[in-house]
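Build the 3D model from these lines:
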Amino acid sequence: ARGCGKGCLWSLSPAPASRHVCVMGGVQRAEDGSWTPDTSSNNEFDRAASQQLYSFCFSHGVKCSVISRHSVPDVPMALVTQLAASGPPHPVLAYLAEAQQRGLIGLWSNLCKGRLPLRC
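As a prediction, this is how the structure comes out:
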């Protein structure tokens, strides 16, 4: 089986249980109609491996649930967390930081269970 290179945690020989892959990244349509990794950080860490994974899944009919950065509100988590931690305690900022963290964890958990919000 071919793999994705140094440090790879998957190979291109799916186990019988590999019927659904959950990815935190993003895909976009190429001009030729194929799917390619978008520019999300998780894809950019190893762009070739991302492309190989998506191509393999789509060509072998492996179900993919892909959560992109567009699935969550457009408020940078780092900004809210930094503001919540940088000054005197503020209940609104503490709430936002915790809500963002729980929301992302909940979204990932639901994704892995095959339950997606309509916006996904």
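
So which elements touch the lengthiest helix in the chain?
Selection of the longest helix in the chain by residue count, based on DSSP state H, yields helix 91-112. With contacts defined as 3 or more Cβ pairs under 8 Å, 6 or more residues apart in numbering; DSSP states H and E, helix 91-112 has these neighbours: strand 20-24, strand 63-67, helix 77-86. In short, each C-beta sits where N, CA and C put it, glycine included.

Tell me where the model's unsure across this protein.
In the prediction, the chain carries residues with pLDDT under 70 at positions 1-18, 71-75, 116-120.

gap between Ala94 and Ser86?
Using Cβ to Cβ, to the nearest Å, one obtains 12 Å as the distance from Ala94 to Ser86.

ok, what's across the strand from the residue most central in space within the chain?
Note on the chain: the residue nearest the mean C-alpha position is Met24, at 0.9 Å, using Cα atoms, centre = their mean. Going by DSSP bridges, Met24 is paired in beta bridges with Ile67.
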